[in-house]
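>>> need coordinates for the below:
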Amino acid sequence: MDLNMALMRATFKLDQRQNDGATTVGTGWLVRLPGADGHLALVTASHVLDRMKQEQASIHWRRMDADGRWHREPAPIRIRDGVGTPLWHRHVDRDIAAIAIDPPAHTHDWAIGFDQLADDEALKSYDVQPGDEMLALGYPRGLSANEIGFPILRAGRVASYPLWPSADFPTFLMDFAVFAGNSGGPVYMSDRARKRVGARDFHEAQFVAGLLAQQVVLTDERLEIGIVLHAAFIRQCLLGLAAKLGVQSV
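Predicted coordinates for the structure are as follows:
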């Protein structure tokens, strides 16, 4: 399946009503754990879950019925234990979280594969540079694309240089407006005609480049620039979760 459609189906709204009446909203997406048969994780930004203080959050699942009609089906997801301890695995020093999840059976095939998360070599191979277009999915201010609950697609240009190595440059900038609710959403490239470095022919470039962490704000002024954490750190987070669960990775 085209990565646009795959991620559209794999991405869901997360929300939780707080004691003060405010609602915390973020974006999560399903990913297969490395080497795991049927084990899935929900990936989002750590700060999204940190701000959800209750034991359960809501995730807005979707389902297509036998007549081909979509339905939104919100359901609880447990994110903390009875004493408030987080149940998610947090990346050691990046704003990324992954929580093991057993979603409705019909959503299992929608999860993104671990290998679709780009590492430094993938970015080098496709020579990703400033000015390249990338796409992002999310729920700005909690808004969905429709009543079914699909995420809103945004597009922007890579706005910083250099992009790798990720160990030295853990984030890169995207030229597009970011709002509360976008946090945690996937940032990806879906280019049907792109050359690999040293190749003669064009190939599809379809990979997740990172996770939208936050917007750039200076002296309370929004600059309409997003900060993206490299997918290399999502891979690390998922490997850590797999190890914690005792899942054998390959």
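
>>> identify the single longest strand in this protein, thanks.
strand 202-218 (DSSP state E).

>>> tell me the buried residues in that strand?
205, 206, 207, 208, 209, 210, 211, 212, 213, 214, 215 (16 or more other CB atoms under 10 Å). Every residue, glycine included, has its C-beta placed from N, CA and C.

>>> I'd like the mean pLDDT over the top helix by length along the chain, please.
Longest helix in the chain, counting residues (DSSP state H): helix 231-245. The average pLDDT within helix 231-245 is 96.

>>> make 30 the starting number, not 1.
Got it, first residue is 30 now, which makes that one helix 260-274.

>>> which helices and strands sit right next to that helix?
Contacts defined by 3 or more CB pairs under 8 Å, 6 or more residues apart in numbering; DSSP states H and E place helix 260-274 against strand 69-73, strand 118-119, strand 126-130, strand 231-247.

>>> and the longest strand of the chain, how far from the chain's centre?
Counting by CA atoms, centre = their mean, to the nearest Å, strand 231-247 is centred 9 Å from the centre of its parent chain.

>>> CA atoms only for that strand, dumped as PDB, please.
Provided in PDB are the C-alpha atoms of strand 231-247 (Å, rounded to 0.1, in the frame of the first residue of the first chain):
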ATOM      1  CA  PHE A 231      14.100   6.500 -10.500                       C
ATOM      2  CA  HIS A 232      12.600   4.600  -7.500                       C
ATOM      3  CA  GLU A 233       9.900   5.200  -5.100                       C
ATOM      4  CA  ALA A 234      11.000   6.900  -1.900                       C
ATOM      5  CA  GLN A 235       8.500   5.900   0.800                       C
ATOM      6  CA  PHE A 236       9.800   6.100   4.400                       C
ATOM      7  CA  VAL A 237       9.000   7.600   7.700                       C
ATOM      8  CA  ALA A 238      11.600  10.300   8.400                       C
ATOM      9  CA  GLY A 239      10.700  11.200  11.900                       C
ATOM     10  CA  LEU A 240       8.100  12.300  14.500                       C
ATOM     11  CA  LEU A 241       6.800  15.800  15.000                       C
ATOM     12  CA  ALA A 242       7.900  16.900  18.400                       C
ATOM     13  CA  GLN A 243       6.900  20.600  18.700                       C
ATOM     14  CA  GLN A 244       6.800  24.000  17.000                       C
ATOM     15  CA  VAL A 245       9.400  26.800  17.100                       C
ATOM     16  CA  VAL A 246       8.300  29.700  19.300                       C
ATOM     17  CA  LEU A 247      10.400  32.800  20.000                       C
END
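
>>> can you list the buried residues of strand 231-247 in TSV and add distance to residue 81?
Output for those, formatted as TSV (distance: CB to CB, whole Å):
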residue	distance to residue 81
234	35
235	31
236	29
237	24
238	26
239	22
240	17
241	18
242	17
243	17
244	20
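
>>> that older thread, now do the longest helix of the chain: everything it contacts.
60, 62-65, 68, 70, 72, 118-121, 123, 125-129, 143, 146-149, 195, 199, 236-240, 277-278 (CB atoms under 8 Å, 6 or more residues apart in numbering).

>>> are any of these buried, and which?
Buried by 16+ other CB under 10 Å: 60, 62-63, 65, 68, 70, 72, 118-120, 123, 125-129, 143, 146-149, 195, 199, 236-240, out of those.

>>> just the CA atoms of the strand or helix carrying residue 33, as CSV, please.
In the assignment (DSSP states H and E), residue 33 maps to helix 32-39. Output of helix 32-39 as CSV, limited to C-alpha atoms (Å, rounded to 0.1, in the frame of the first residue of the first chain):
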residue,chain,number,x,y,z
LEU,A,32,2.7,5.1,2.4
ASN,A,33,0.2,8.0,2.2
MET,A,34,-2.7,5.6,2.6
ALA,A,35,-0.9,3.3,5.0
LEU,A,36,-0.1,6.1,7.5
MET,A,37,-3.5,7.6,7.1
ARG,A,38,-5.0,4.4,8.3
ALA,A,39,-2.3,3.8,11.0
